[in-house]
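*Asks:* Got a predicted model here, sequence first, then my questions.
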Amino acid sequence: MRELEGLVVMIPRKGAEVANITVKDLKDALEVRMALEALSVKLACERIDDVGKEELKAKCMAFKEAINSKLVPAIVEGDEAFHNVIYQASKNQKLINMAQNLREQVYRYRVEYVKDFSYHDNLIREHDLITMAILKGDKETAETVMNEHIYNQEQIVIRNVTMGNE
């Protein structure tokens, strides 16, 4: 069995185990994600059509409903759906494919991130600001808020993972 993108480690005579989250792995994955997300919001600002705008608003609202449910799987799914709409709005298939390939590696970090219920109001605020910027075609604001959004994810996961390892 091949080790899957650093998510699983093979232990002799034990089998597969989920790999520990390391700060290095987190930073590496989110560095790539930040670049992809920044490009995707800039392209979405330029290329989103009316159908995409409606879908973006709907996914932003669905994310709020997921946050209100307090169910981590629903929140993760809502967050992925929101970001996927932005990738799709970029209308760049290579970018969309790269984002999908990175999704599995980022999934664990996303779960750790949304488990921090103290940050949920900020998550909603960030998604709202990203949505408004894309709808207005404001590339600078969209990119700035998206970078802040991914940076905040990194900081929260690092804090939660290192606290859990003490």
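*Replies:* That came in fine, so what should we check first? Numbers count the residues shown, from 1 in each chain.
*Asks:* ranges for the strands of the protein?
*Replies:* Taking DSSP state E to define them, one finds strands in the chain at 8-11, 15-18.
*Asks:* wait, isn't Asp116 in contact with Ile158?
*Replies:* No: at 11.5 Å, Asp116 does not count as touching Ile158 under the criterion of Cβ atoms under 8 Å. C-betas here are computed from N, CA, C, even on glycine.
*Asks:* show me where this protein has helices.
*Replies:* 23-47, 50-69, 72-89, 93-114, 120-136, 139-164 (DSSP state H).
*Asks:* Neighbours of Val157, how many?
*Replies:* Residues near Val157, counting by other Cβ atoms under 10 Å, number 23.
*Asks:* show me what contacts the closest residue to it other than its chain neighbours?
*Replies:* Leaving aside its chain neighbours, Val157 sits nearest to Glu112 (4.6 Å; criterion: Cβ to Cβ, 6 or more residues apart in numbering). Residues near Glu112 by Cβ atoms under 8 Å, 6 or more residues apart in numbering: 21, 156-157, 160-161.
*Asks:* Would you mind measuring from Glu112 to Asn20?
*Replies:* Counting by Cβ to Cβ, to the nearest Å, the gap between Glu112 and Asn20 amounts to 12 Å.
*Asks:* Check Lys53 too.
*Replies:* 41 Å.
*Asks:* quick revisit: and of the contacts of Glu112, the nearest to Ala142?
*Replies:* Ile156 (21.3 Å; Cβ to Cβ).
*Asks:* Please tell me I have it right and that closest one contacts Asp116.
*Replies:* Yes: if you go by Cβ under 8 Å, Ile156 and Asp116 touch, sitting 5.3 Å apart.
*Asks:* So the two - more neighbours on which side?
*Replies:* Between Ile156 and Asp116, counted using other Cβ under 10 Å, the more crowded position is Ile156 (20 against 15).
*Asks:* Tell me how far that one lies from Cys60.
*Replies:* Taken as Cβ to Cβ, the span from Ile156 to Cys60 is 20 Å.
*Asks:* circling back: so for Lys53 and Asn20, which sits in the more crowded spot?
*Replies:* Neighbours were counted for Lys53 and for Asn20 using other Cβ under 10 Å; Lys53 has more, 16 against 9.
*Asks:* Could you give the number of residues near the closest residue to the more buried one other than its chain neighbours?
*Replies:* Leaving aside its sequence neighbours, Lys53 sits nearest to Leu135 (Cβ to Cβ, 6+ apart; 5.9 Å). If you count neighbours by other Cβ under 10 Å, Leu135 ends up with 17.
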